[in-house]
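**Q** Sequence first, then the predicted structure, then my questions.
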Amino acid sequence: MRIAIISDVHANIQALSKVMDRCDLEMVDEIICLGDVVGYGGNPNECCELLRERCEVVLMGNHDAATVGVMDADYYYESAKHVLYWSREELTDENFRWLYALPYTHQRTELDLGFYHAAPIMPSSFYYVVRNEEAEALTRMKVGLYGHNFIGHSHLTTCYEYNGRKVRDVTGHYEYVKGRRYLTNVGSVGQPRDRNPDACFVIYDTESKGMAHMRVPYDIASAAARIRAVGHDEKFARRLALGV
């Protein structure tokens, strides 16, 4: 089975639509979203509706949690907070209720897979994993770290391999080794920050254990124009073309 794992859509319908087209082209069997459906972008309802239609599982990200009021919005800086409040008003009642009910985690124990928005430790706290030190902290987990673990949140494309209590960064050269565990940042659909502006997601093959980050170009100018049209901070539009 081939599973597409997407994350950090951030109300970018232009990017999400192209990613869904690519999933169809790749003939994936299932699509799982790791959260942050809303925030930064200008089309929260359209993204909610497309994800509800296409995804088997959607998790709650921190921007989703703050938008629906289950996380304190004061954590965010002013321009991001403005988008949260705008999204809260913009969402239909149906989409708001759907976001509010999203789970923080999802596991497929029969496939040895774990899915999270951020670090698997205390998922509702949304800790980042962007460095080896943060990946190493997860070795203290006695349960809950599966053979393959997929996260978003950082908008990066890193991958870590666990061998006992040691962690190795295998970003860009992942190769499955039986008995080892892996933690993969799947990248961002709507706001990549690895200096590549193309939308990003992962395809994982449950049979071969093969895994690859996929890049998809989309109409960045249109997504940026929508951000400007709804009055969000200019930097959220400008950074789309830079991938930062």
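**A** Arrived safely, thanks for sending.
**Q** Only C-alpha atoms from now on, for both contacts and neighbour counts.
**A** Noted.
**Q** helices and strands around the helix or strand hosting residue 3, which ones?
**A** Here residue 3, judged by DSSP states H and E, is contained in strand 2-6. Packing contacts for strand 2-6, counted by 3 or more C-alpha pairs under 8 Å, 6 or more residues apart in numbering; DSSP states H and E, involve strand 30-33, strand 199-205.
**Q** Of the ones you listed, which stretch is the most buried?
**A** Burial of the helices and strands packed on strand 2-6 is given as mean neighbour count (mean count of other C-alpha atoms under 10 Å); strand 199-205 ranks first at a mean of 23.
**Q** what pLDDT, on average, does that strand get?
**A** For strand 199-205, mean pLDDT rounds to 98.
**Q** what does stretch 13-31 give?
**A** 98.
**Q** What are the contacting residues of that stretch?
**A** 1-6, 9, 43-44, 46-47, 54-57, 189-190, 199-201, 203, 216-220, 222-223 (C-alpha atoms under 8 Å, 6 or more residues apart in numbering).
**Q** And stretch 1-15, end to end?
**A** 24 Å (C-alpha to C-alpha, to the nearest Å).
**Q** hmm, back to that, and the contacts of stretch 13-31, which of them are buried?
**A** 2-6, 9, 43-44, 46-47, 55, 57, 189-190, 199-201, 203, 216, 218, 220, 223 (16 or more other C-alpha atoms under 10 Å).
**Q** where exactly do the strands run in this protein?
**A** For the chain, the strands defined by DSSP state E occupy 2-6, 30-33, 57-58, 105-108, 113-116, 148-151, 159-163, 166-169, 181-185, 199-205, 211-216.
**Q** TSV for those, including distance to residue 96?
**A** Shown next, in TSV, are those (distance: least, C-alpha to C-alpha, whole Å):
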stretch	distance to residue 96
strand 2-6	20
strand 30-33	17
strand 57-58	14
strand 105-108	19
strand 113-116	21
strand 148-151	23
strand 159-163	33
strand 166-169	38
strand 181-185	27
strand 199-205	25
strand 211-216	28
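**Q** Those strands: lowest mean pLDDT?
**A** Of all the strands of the chain, strand 166-169 has the smallest average pLDDT, which comes to a mean of 90.
**Q** That strand - contacts with which helices or strands?
**A** helix 132-137, strand 159-163.
**Q** how many other residues sit next to residue 50?
**A** 14 (other C-alpha atoms under 10 Å).
**Q** roughly how far apart are it and residue 228?
**A** Relative to residue 228, and taking C-alpha to C-alpha, residue 50 is found at 22 Å.
**Q** likewise residue 150?
**A** Counting by C-alpha to C-alpha, the gap from residue 150 to residue 228 is 32 Å.
**Q** Of those two, which one has the most company?
**A** For residue 150 versus residue 228, the count of surrounding residues by other C-alpha under 10 Å is larger for residue 150: 25 against 18.
**Q** I'd like to know the beta-bridge partner residues of that one.
**A** residue 115, residue 184 (DSSP bridges).
**Q** ranges for the helices of the chain?
**A** 13-26, 44-54, 62-68, 78-90, 93-100, 132-137, 220-229, 234-238 (DSSP state H).
**Q** who's in contact with the helix or strand of the chain with the lowest mean pLDDT?
**A** Ranking every helix and strand in the chain by mean pLDDT, DSSP states H and E puts helix 132-137 at the bottom, with a mean of 71. Helix 132-137 is contacted from outside by 128-129, 160, 165-169, 183, using C-alpha under 8 Å, 6+ apart.
**Q** Turn those into CSV, including neighbour count and distance to residue 107.
**A** Below are the contacts of helix 132-137 laid out as CSV (neighbours: other C-alpha atoms under 10 Å; distance: C-alpha to C-alpha, whole Å):
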residue, neighbour count, distance to residue 107
128, 16, 19
129, 26, 19
160, 22, 19
165, 10, 22
166, 11, 24
167, 20, 22
168, 14, 24
169, 17, 23
183, 27, 14
